[in-house]
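J.: Pasting a predicted model and its sequence here:
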Amino acid sequence: MTESTHQRIRPSGRGDEEARASAEATPPASLSTEVLDGRAAHLTGDVRRAPGRAPRNFTGYARDAAATGVWRR
């Protein structure tokens, strides 16, 4: 995001364990756990069918969103 927005993005300072504990404390804990442990790390055909296009990587999304000015201060 730093590269796309040309703004310094600072980490929250939370480590993996603290982030996991926070996610697990927020309902639905099972969904948070599945996202964090990588069980849902693969793409399905639904990712292409829902928007009617191929999935995008985060870099492309961040670049295009930054170009709209949405993150300007």
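T.: That came in fine, so what should we check first?
J.: C-alpha from now on. contacts and neighbour counts both.
T.: Will do.
J.: Give me the residue at the spatial middle of the chain.
T.: Closest to where the C-alpha atoms of the chain average out (Cα atoms, centre = their mean) is residue 58, at 7.6 Å.
J.: What does the pLDDT read for that residue?
T.: In this model, residue 58 is scored at 89, pLDDT.
J.: if I pick it, what's in contact with it?
T.: Under the criterion of Cα atoms under 8 Å, 6 or more residues apart in numbering, residue 58 has no contact partners.
J.: what does the one 5 residues further on give?
T.: For residue 63, the set of contacting residues under the criterion of Cα under 8 Å, 6+ apart consists of 1, 4-5.
J.: For it, what are phi and psi?
T.: Residue 63 adopts backbone torsions of phi -60, psi -50, taken as degrees, to the nearest 10.
J.: do you know how far it is from residue 18?
T.: 29 Å (Cα to Cα, to the nearest Å).
J.: State the distance from the residue nearest to the centre of the chain to residue 4.
T.: 10 Å.
J.: And for residue 70?
T.: 12 Å.
J.: more crowded one of the two?
T.: Per other Cα atoms under 10 Å, whichever of residue 70 and residue 4 has more neighbours is residue 4, with 15 against 10.
J.: Wait, the more buried one touches residue 61, no?
T.: No: at 9.1 Å, residue 4 does not count as touching residue 61 under the criterion of Cα atoms under 8 Å.
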